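Compute the structure for the input listed below.
(2 chains)
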Amino acid sequence: MTYGIKIAKPGKSVHSTDLRDLSVDMNTFSMFKLHSSSTTSVSFSAGDTEKSATVSHALGYVPAFLVYYKRSDESVERLLPDIPYGVDFDYYPWAYATTTGITVGYTYATPFNRTIVTGDNAGIREELWTGSAGLIVGNVSGSGKSSAIRLASVPVPKNGSFTLANLEIKHVFSGPTNSDTKYKIYGIDEDNVGTGFDWNYAKTSAYDARNQAKVGSWWNFGTDVLDQVNEITTRAGWSSGNAMGFIFTEDGSASDAYIGDDTDTYPELTIDTSGSLTISFRVIIFKDKIAT
Amino acid sequence: MTYGIKVAKTGKSVTSTNPDDFIFNSEYETIKIYDEPAVGSSVSVGAGSSTTVTITHNLGFAPMCWLFTELATGHYYCGVCLPSKADGFPSGYAYVGPNSAETYSDTTYFKFKIYNTTGATKTVKYFYFIFGDDGL
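Numbers count the residues shown, from 1 in each chain, chains lettered A, B, ... in the order given. Presented below is the predicted three-dimensional model:
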């Protein structure tokens, strides 16, 4: 004879053979034993892709666990696992147990609040230049040259609150002289820069003046264009997805002091938007072992 | 008069009407663990392939199930989820198939399908609970 407690649901018999009729049957079923319930959180800022936190348990084995999470931009608490419907794998929460703790985290496939736009050959024009180089600016054999970049679609909102805008030019070479290349980088002050490159660009009042020392081999450089981007995106006619442009103007370089990039690598514009996101987790740990 | 068993949490009264004040109260249904495997059960999943694990329960109804899988060494993830970037997503990782045709319970079986997108065969440890309660 076996002993134990068996409690049937209202209207059901303790002699039922249907397991679902019983609330408790200590001879047959075990029940979960709660170890702890606690909270933790992680915060995302622009550029972050993955954040995690760990709740320790000191059980010495891997326990069963449950995790709920809540994004600070939502009002609901969700149960893990949860792959948000309709966003593919763009962002998702995760959690795993180890012998020492429960680690919870959140992942963005692309950096949070960061927009990266890469140019192409069609979006680069050089003034009076017919060679095979891409962008070029400075003084080539006594002739001042300017260049412009057009990024066909920049998905940032009008009047956005941006904390960083960096334009990176890649695989750049220097002219033969050891003198600095002097130039300025303006935004093109237009709502939606056309493909014509008519060189009658209106420039933003903001610019970045640079004195670039000669560099011996291929290199990359980035420049701060936050003020230019702010000026463009606060234009009345700016809207997300419009084409944005920048113009590099020669500014008194000595002869043969110039820089250029090749045609196989393209400029890259990175824009960070202000704001943060906090993911709050509720971690429930049981004493029930799932692994050693 | 109703009969039953109540065990209150420390500092709480068994006469409380707040369900959260109890460790156990037979007025409320309890999740019942019907089956669980030996700790350390595992399955081999080929490189770039998948393997279905089939557990026969024969309960006659589709029970609630709770699955844990070791998608990365020592890291036991819960249910159908993606691992962290540190654990290989998206370059090469293991995961439990989210499709309801491949991970489900019915009146006879609990099945789950484990995918391995890495370039090497992976042994995935797993643990599950099958409950004596309806999953639907």
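
Distance-wise, check A:Asn113 relative to chain B.
17 Å (Cβ to the nearest Cβ, to the nearest Å). Quick note: C-beta positions are derived from backbone N, CA and C, even for glycine.

Then A:Phe65?
A:Phe65 is 7 Å from chain B, by Cβ to the nearest Cβ.

Work out for me the element that residue sits within.
strand A:62-71 (DSSP states H and E).

Give me the contact list for that strand.
A:32, A:35, A:57, A:76-80, A:82, A:93, A:95, A:97-99, A:102, A:104, A:106, A:277-292, B:66, B:68, B:74, B:76, B:78, B:127, B:129 (Cβ atoms under 8 Å, 6 or more residues apart in numbering or on different chains).

for chain B, which spans come out with low pLDDT?
Within chain B, the ranges that satisfy pLDDT under 70 run B:1-2, B:136.

quick one, longest strand in it?
Using DSSP state E to define each element, chain B has its longest strand at strand B:122-134.

could you check whether that one is close to chain A?
Yes: residues of strand B:122-134 are located near chain A by Cβ under 8 Å from any Cβ of the partner chain, namely B:Lys125, B:Phe127, B:Phe129, B:Gly132, B:Asp133, B:Asp134.

Name the residues of that strand that are buried.
Burial within strand B:122-134, assessed by neighbour count using 16 or more other Cβ atoms under 10 Å in any protein chain shown, is assigned to B:Lys122, B:Val124, B:Lys125, B:Tyr126, B:Phe127, B:Tyr128, B:Phe129, B:Ile130, B:Phe131, B:Gly132, B:Asp133.

and whatever helix or strand comes next after the strand holding A:Phe65, what does it pack onto?
Proceeding N to C from strand A:62-71, the next assigned helix or strand is strand A:78-79, under DSSP H and E. Under the contact criterion of 3 or more Cβ pairs under 8 Å, 6 or more residues apart in numbering or on different chains; DSSP states H and E, strand A:78-79 touches strand A:62-71.

neighbouring strands for the strand it packs on, and are they parallel or not?
strand A:78-79 (antiparallel), strand A:277-291 (antiparallel) (DSSP bridges).

quick check: angle from that strand to strand B:122-134?
80 degrees (axes from the mean of the first three to the mean of the last three Cα atoms, to 10 degrees).

For strand A:62-71, give the mean pLDDT please.
The predicted model gives strand A:62-71 an average pLDDT of 96.

My read is that A:Val137 contacts A:Gly252, right?
No: A:Val137 is not in contact with A:Gly252 according to Cβ atoms under 8 Å; the separation is 11.9 Å.

These two - which one has more neighbours?
Neighbours were tallied for A:Val137 and for A:Gly252 using other Cβ atoms under 10 Å in any protein chain shown; the higher tally belongs to A:Val137 (29 against 13).

Please name the bridge partners of that one.
A:Ile259.

Could you break chain B into its assigned domains?
Chain B breaks down by automatic domain parsing into domains covering B:1-30, B:33-134.

Looking at those domains, which is nearest to A:Trp219?
Nearest of the domains of chain B to A:Trp219, taken as Cβ to Cβ: domain B:33-134 at 28.2 Å.

Start and end of that closest one, how far apart?
Start-to-end span of domain B:33-134 (Cα to Cα, to the nearest Å) is 12 Å.

how far out from the middle of the chain is it?
Relative to the chain's own centre, domain B:33-134 is displaced by 8 Å; criterion: Cα atoms, centre = their mean, to the nearest Å.

likewise stretch A:15-26?
That offset, for stretch A:15-26, works out to 52 Å (Cα atoms, centre = their mean).

what's the span of that stretch, first residue to last?
14 Å.

what's near enough to touch the residue of the stretch 151-292 of chain A found nearest chain B?
Shortest the stretch 151-292 of chain A-to-chain B distance, computed as Cβ to the nearest Cβ: residue-wise this is A:Ile290, at 3.8 Å. Counting by Cβ under 8 Å, 6+ apart, A:Ile290 touches A:Val62, A:Pro63, A:Ala64, A:Ala97, B:Val39, B:Phe68, B:Tyr76, B:Phe127.

nearest spatial neighbour of it, skipping sequence neighbours?
Closest residue to A:Ile290 apart from its sequence neighbours, by Cβ to Cβ, 6 or more residues apart in numbering or on different chains: B:Phe127 at 3.8 Å.

give the contact list for that neighbour.
A:Ala64, A:Ile290, A:Ala291, B:Glu36, B:Pro37, B:Val39, B:Ser41, B:Leu67, B:Phe68, B:Tyr76.

Of these, grab the buried ones for PyMOL.
Burial among these is assessed by 16+ other Cβ under 10 Å; the matching PyMOL selection reads:
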select buried, (chain A and resi 64+290+291) or (chain B and resi 36+67+68+76)
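
Columns distance to A:Ala209 on top of the contacts of B:Phe127, output as JSON lines?
What follows is the contacts of B:Phe127, written out as JSON lines (distance: Cβ to Cβ, whole Å):
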{"residue": "A:Ala64", "distance to A:Ala209": "62"}
{"residue": "A:Ile290", "distance to A:Ala209": "62"}
{"residue": "A:Ala291", "distance to A:Ala209": "61"}
{"residue": "B:Glu36", "distance to A:Ala209": "69"}
{"residue": "B:Pro37", "distance to A:Ala209": "69"}
{"residue": "B:Val39", "distance to A:Ala209": "67"}
{"residue": "B:Ser41", "distance to A:Ala209": "67"}
{"residue": "B:Leu67", "distance to A:Ala209": "61"}
{"residue": "B:Phe68", "distance to A:Ala209": "59"}
{"residue": "B:Tyr76", "distance to A:Ala209": "56"}
